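Chemist: build me a model:
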Amino acid sequence: MEGAVAPALAIIGAGRAGSALAIAAHDAGYRVAAVASRRGEMAARLAGTVGARAVATPLAAAVLADVTLLAVPDSAISSVAASIAASGASLHGRGVVHLGARFGPEIIASLRITGAEVGVLHPLQALAGPDSASLLEGAFFRVDAAGMLRERLLNLISALRATPLEIDPAAAPLYHAAAVLAGNAPLALLAEATRLLESAGVSAETAHAALAALLEGAAHNARRTGPAAALTGPVARGDGDAIAAHLDALAGHPQARELYATLTRAMESLLATQPLAGDDAVQVA
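Modeler: Next up is the predicted model:
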């Protein structure tokens, strides 16, 4: 933004994504002018953290900002936008974006009647509230906007030390499915694995801590080398005896057994298409 004043932001929705984005933008030098949320206490808390005004309505937030982020559930994006549009207020020269992964700008097209530019800014990161703000550094953001709004969004992404990602609007649902598989599905697997370790006699707290650390290690390795090279364990070693023993041990846990069998086939396919470079890697799982 060299020399230019960063546009003021408004956050509508003070939940997991909205709070993380507000804090990250504030820490990157942006002024968060206003926060609105269905839950007033959450808006007040976030506003206090980033030096913003807590306001009662989405419209009251939007008129105070250059760029407004609709950080609301997917099911509410269209209705919140429509409520602002129906006010008759002018938002000429301002921009409004939603954070929905599987939609394009058209879901908030009603706002064009106000003169606002509309678009999409989806953070491809697991945002779980204020403590997640630091995760946005190095993350990728899906961007779908034109004109001045696009420039402003790209500047924001740059200030967050993140990377823009272009997605064909027609492929947005596929993009979202990929995000769910990478960002959400491992958590269901972690929960299932934790239950198994508890059945082996480990306390719930220790089982979770141990397996979460293992998952973090696998993700770290995959980020550096790609999934095939990062794969460890019996599939990577070609240890059919171990796999058979695991399936036997899981006979009393049919859901986990089905997951194990399905994912074993997926790991075998991964190795078939992207063979490991060597056989001397240390196997830890």
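
Chemist: give me the below-cutoff pLDDT ranges for the stretch 1-150 of the chain.
Modeler: For the stretch 1-150 of the chain, the stretches with pLDDT under 70 are 1-4.

Chemist: can you check which strand is longest in the chain?
Modeler: Across the chain, the longest stretch assigned as strand under DSSP state E is strand 117-124.

Chemist: so which elements touch that strand?
Modeler: Judged by 3 or more C-beta pairs under 8 Å, 6 or more residues apart in numbering; DSSP states H and E, the packing partners of strand 117-124 are helix 16-27, strand 95-98, strand 140-144, helix 147-159. Glycine gets a C-beta too; all of them are placed from N, C-alpha and C.

Chemist: in the last one, what's buried?
Modeler: In this case it means helix 147-159. Within helix 147-159, the residues that count as buried by 16 or more other C-beta atoms under 10 Å are 149-150, 152-153, 155-157, 159.

Chemist: contacts for that helix next, please.
Modeler: When contacts are defined by C-beta atoms under 8 Å, 6 or more residues apart in numbering, helix 147-159 is touched by residues 1, 6-7, 25, 28-30, 66-67, 93, 95, 97, 117-119, 121, 141, 143, 145, 163-164.

Chemist: just the buried residues of these.
Modeler: 6-7, 25, 28, 30, 66-67, 95, 97, 117-119, 121, 141, 143, 145.

Chemist: tell me the strands beside the longest strand of the chain, with direction?
Modeler: According to DSSP bridges, strand 117-124 forms sheet pairs with strand 95-98 (parallel), strand 140-144 (antiparallel).

Chemist: quick check: angle from the last one to helix 16-27?
Modeler: Taking axes from the mean of the first three to the mean of the last three C-alpha atoms, to 10 degrees, one finds that strand 140-144 is oriented at 100 degrees with respect to helix 16-27.

Chemist: farthest pair in the buried ones among the contacts of helix 147-159?
Modeler: Pairwise distances across the buried ones among the contacts of helix 147-159 (C-beta to C-beta) peak at 23.1 Å, for the pair Ala28 and Val118.

Chemist: using TSV, lay out the helices and strands packed on strand 117-124 together with distance to Pro186.
Modeler: Output for the helices and strands packed on strand 117-124, formatted as TSV (distance: least, C-beta to C-beta, whole Å):
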stretch	distance to Pro186
helix 16-27	18
strand 95-98	26
strand 140-144	18
helix 147-159	25
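
Chemist: nearest to Ala236, of these?
Modeler: strand 140-144 (27.7 Å).

Chemist: touching the closest one from outside, list them.
Modeler: If you take C-beta under 8 Å, 6+ apart as the criterion, strand 140-144 is touched by 101, 104-105, 119-125, 150, 153-154, 157, 160, 162-167, 169, 172, 175.

Chemist: go again with 7 Å.
Modeler: Strand 140-144 is contacted from outside by 101, 104-105, 119-124, 150, 153-154, 157, 162-167, 169, 175, using C-beta atoms under 7 Å, 6 or more residues apart in numbering.

Chemist: kindly report the same for stretch 203-212.
Modeler: Under the criterion C-beta under 7 Å, 6+ apart, residues 190, 193-194, 197-198 lie in contact with stretch 203-212.

Chemist: can you tell me the closest non-neighbouring residue to Glu137?
Modeler: Arg161 (4.7 Å; C-beta to C-beta, 6 or more residues apart in numbering).
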